[in-house]
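> Here is a sequence with its predicted model. Questions after.
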Amino acid sequence: MDLLIKNGFVFDPLNGVNGDKMDIAIRNGKIVESVTERTSKIIDATGLTVFPGGVDIHTHIAGAEVNTGRLVRPEDHEKDFVRKTANTRSGVGYSIPSTFITGYRYSRMGYTTVMNPSMAPLEAKHTHEELNDIPMLDKATYPLLGDWWLVLENLSKGDFEECARYVAWMLRITKGYAIKIVNPGGLESWGFGRNVHSIDDEVPNFCITPREIMCGLAKVNKMLNLPHAIHLHTNNLGIPGNYTTTLETMKCLESIPNDGKPVAHITHLQFSSFAGEDWGTLTSGAEEITKYINNHDHITFDMGQIIFTDTTTMTADGPFEYTLYQLSGHKWVNSDVETETSGGIIPFRYKRKNPVNAIQWSIGLELALMTKNPWKVFMTTDHPNAGPFTAYPKILAWLVSKKAREATFKRLHRKGQRRSLLPSITRELSLYDLAIVTRAGQAKSLGLKEKGHLGVGADADIAIFNLNPEKVDIAQKYKTFRRAFSNVAYTIKGGKVLVKDGEVLQQSAGKTMWVDVQTSQEVEVDEEIKRKFREYWTVEFDNYPVSDHYLKNSSPITIKADV
Amino acid sequence: MSIVKSVTCPVCGCLCDDIELTIADGAVAQVKNGCAMCEAKFFSHNNKHRITTPLMRKDGELVPVSYDEAIQKSAEILANATYPILYGWSSTDCEAQRIGVALAEEVGGVLDNTAVVCHGPSILGVQDVGIPTCTLGQVRHRADLIIYWGCDPWSAHPRHLERYTSFTDGRFEGSEWKSYINKVKAAAGKKKLRSLERKGILKERHPHIAPSVNDNKPPEILNKKGRKLIVVDVRKSMTAEVADYFLQVEYGKDYELIQAVRALVKDQELDVEKVAGVPVEYLQQLVDAMTSCEFGVIFFGMGLTQSAGKFRNIDVAISLVRDLNMRTKFAIMPMRGHFNVTGANTVFTWQSGYPYGIDFSMGYPRYNPGETTVVDILMREESDAGLVIASDPVSNFPRRAVEHLVKNPLIVIDPHMNATSLVGDIVFPASIVGIEKAGTAYRMDHVPLPLKKVVDPPEGLLSDEEILSRILNEVRNIKLKTLEVA
């Protein structure tokens, strides 16, 4: 049956719609010009706010690392369990929810598309098996390619075309969506317990520097015409004073021709914007970083906003997790993956009364608020690293309301308060801006043409919030706003009403998107390659690719490459 | 006749995926690259003793019935039970395990896998202190110190050494197969001499005395470059025979020994001569080898998880590796037994949050090993029905636990008749996963690998996955009907 959403206040930044009262017509899972009102199901959205379905560009929800995180934290689940109902499966939270619960909770906040940003290619099947078990959402996942031996070898030879062919091949066989780079060079060094400390340190045994890896893969990204830029987790992440490394990283990517499009997405930038000499003198580097970003157009970023809660950090940046282990002494997981990457997990509690955490909290918000163009900044917590995704409504409240910020600010550690730039920032985002930082901007950055907007032809992914923008001043009534964004009035995905008043009505499987890059010449698979493969990995060539069996709803995006 | 390459072997946690099979007349005719266990398993599908129809106990006798009848009856048993247990899972594929979680949730039962009598303590240790680990290829490329502790891969994971550790060529470390051949030759020669002596052909020159632990001094090789292999065990296992150094620990004293090693790693002095029967002097040499390596790894087995101390042993073993990471790069990994025991823990965790011993009786997953684990539930005589899949608890659970298991209705799903199916009330034959059914399994280092279907199952035989999903459907139907009636 057709669906008609009537009379809502619609915010659709990609089409320039700012709070206009409009009807939205849906047929066969797509948004259409109009439908016959008499024969359609009507949703009366009078007095409600209508957004495109939420898009999350960076959230660790599936795969080997995430699942090991679940495994080591029974104490995290015990306090947050979910009963089975007639429509939904049981499961647990809190910081690393089980797969079904991940889907339900995202959907209840109006999200319809999420990106899993970290997948070791060797364990790609695992990631896809879990993605199949996350209902309610469309998904994609980024393979970790920054420390893959074949990338390092080809780039150090200067053979970009061959490297591009390998990357295209890898994206296809792992069913990946974008090139993920984590602490380039550092992960290979971590194989023997070492790390790189600047973008010009040489990676042991490979005659290459992080600078060459990043620039090389950015070039490759361009050659392959991939929809998203390189997705970059910088060197020296989480180390005091690292904002200079971040600035150098952004500068070194200036040289990549970009025709106005971003060449790199720097993820969870908060962790890469520390000024100061050590933990004691840590201050915010947000001012310098945002100054640079405001003056350049080749970078987008997401926040990685800290939430004051007990969470679980997990990243492919093994050496960084080791640093956290030394700091906290908490249970520590390290998992290195042959020829590809590494990984680590540490449970962590961010505390208001810890000066470092207080400053980190401030940095995330400073970055978002001091970046003038909202199309360059996206709201994330790098779930679950800086906090679980269920805390998004809190962050939105901080972004739209100075009052909300002040309420948290006054409870922070004194040192954190003194070193924060927030008191001087009066900017409050509008609902229109929010629609950009939570959906439109993210969809644009990802090159998802049918997501993040409500124009004709878009997927009918819609979130309706119980909030009347004419009556509620969100900057003042931030609690009302937060409540509305925690439990949607409706989540509609693919034209189906999945959630109503925060209750899951039905489950929907969602699809897995991946890029099928067509290169003019493919990687030649001969006996020589198979032999090399056997040397590099401990599995057979034939058993390495993710076959169609592992994608319940496969949705390939075909792209023609320049090589 | 056809040849199938790159087949994954569904036997142990090594999950070797380079097996080459020759198929003739719909049966496996030849197995290449595999170990003895692998060959036996691949040939087993042609076993004449396999049952091909479900059996149900009627008047005390197991009689053949149709799948429909057996599935209907099983669903009734599970739907009407108040606290059923669903146990096994480690020798089937992830696809079946996924349905297993849904079924356990639907019937409000307890879901548990064989880890509970195997590496369950390892999981508890990991939940206590985490685990610095890696994939097996990382060991192949980088490890120059390999320690097997309380396990005997030569017998239990026969290709572990040749595929992943000492006898492989990696990017940064080479194979030690040459020294291994010398050692094997020497051992064989010694054996021959002794045999001749026994037969009286050769005059006994030196009376044979079994070496005591004290004589077993760490050799010079521990100070050299290149891969080194150390085995720690209570007896000289086959792996110990080929090792560069064998350290014999007194039975049940692993915990003590590891704590002593930890102290030495932290440069503390020990005021005793011996720990767990090993002279401290030798331990110091061991510690020197550990701290001076480029990349070390400890593999541990049942000798550590199921001896006195259990998960505390794993706790300190992992803590030792944490300490060693302050000095160099070190990893640790459990030697998982069944080919997909890792997969069962993995699937259970992503769907429910917990790896084993999951109690759904409250409508949500609950996990408290010791309380919600199957052996303990059986010993407390709490369950009132059981489903056992791809496992044989009757042959290895404690007697009292088995008695309670048998007392209640028992459903068994397995390709072959085993001790458990003999006492079951409903017995389902299933196709063999990895031979007659394709699927997925997780290697001991969590690397997922596809299992192939290489031959057709006997006619009419269903797979684990099909049997379980049909039972699940029936259970849902029964519950709907009871709801309607109410």
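Yep, that arrived.

> the longest helix in chain A is where?
As assigned by DSSP state H, the longest helix anywhere in chain A is helix A:355-370.

> by contact count, what packs against it?
Helix A:355-370 sits against strand A:283-284, helix A:286-295, helix A:392-400, helix A:402-409, helix A:414-418, with contacts defined as 3 or more Cβ pairs under 8 Å, 6 or more residues apart in numbering or on different chains; DSSP states H and E. C-betas here are computed from N, CA, C, even on glycine.

> same thing but 6 Å
helix A:286-295, helix A:414-418 (3 or more Cβ pairs under 6 Å, 6 or more residues apart in numbering or on different chains; DSSP states H and E).

> Just the C-alphas of the longest one, formatted as PDB.
Spelled out, that is helix A:286-295. What follows is helix A:286-295 as a C-alpha-only set of coordinates in PDB (Å, rounded to 0.1, in the frame of the first residue of the first chain):
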ATOM      1  CA  ALA A 286      40.400  22.400  18.200                       C
ATOM      2  CA  GLU A 287      41.000  26.000  17.400                       C
ATOM      3  CA  GLU A 288      44.000  25.300  15.100                       C
ATOM      4  CA  ILE A 289      42.300  22.300  13.600                       C
ATOM      5  CA  THR A 290      39.000  24.000  12.800                       C
ATOM      6  CA  LYS A 291      40.800  27.000  11.500                       C
ATOM      7  CA  TYR A 292      42.500  24.800   9.000                       C
ATOM      8  CA  ILE A 293      39.300  22.900   8.100                       C
ATOM      9  CA  ASN A 294      37.400  26.200   7.700                       C
ATOM     10  CA  ASN A 295      39.900  27.300   5.100                       C
END
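
> For that helix, name the packing helices and strands.
Looks like helix A:286-295 contacts helix A:243-252, helix A:355-370 (3+ Cβ pairs under 6 Å, 6+ apart).

> so what strands line up beside the helix or strand following the last one?
Spelled out, that is helix A:355-370. Downstream of helix A:355-370, the first helix or strand assigned by DSSP states H and E is strand A:377-378. Strands that pair with strand A:377-378, judged by DSSP bridges, come out as strand A:299-302 (parallel).

> Could you list the alpha-carbon positions for the strand it pairs with in PDB?
Below are the C-alpha coordinates for strand A:299-302, written out as PDB (Å, rounded to 0.1, in the frame of the first residue of the first chain):
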ATOM      1  CA  ILE A 299      38.600  17.300   4.500                       C
ATOM      2  CA  THR A 300      35.400  16.100   6.200                       C
ATOM      3  CA  PHE A 301      35.400  14.700   9.700                       C
ATOM      4  CA  ASP A 302      33.200  13.100  12.400                       C
END
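
> how about the residues of the stretch 301-450 of chain A that lie near chain B?
By the rule Cβ under 6 Å from any Cβ of the partner chain, the part of the stretch 301-450 of chain A lying against chain B is A:Lys331, A:Trp332, A:Val333, A:Asn334, A:Ser335, A:Asp336, A:Val337, A:Glu338.

> got the contact list for the first one?
Going by Cβ atoms under 6 Å, 6 or more residues apart in numbering or on different chains, A:Lys331 touches B:Val129, B:Gly130.

> please redo it, this time with the cut-off set to 10 Å
A:72-73, A:325, A:345-347, B:126-131, B:318, B:322 (Cβ atoms under 10 Å, 6 or more residues apart in numbering or on different chains).

> Now do the phi/psi pair for it.
Phi and psi for A:Lys331, reported as degrees, to the nearest 10, are phi -60, psi 140.
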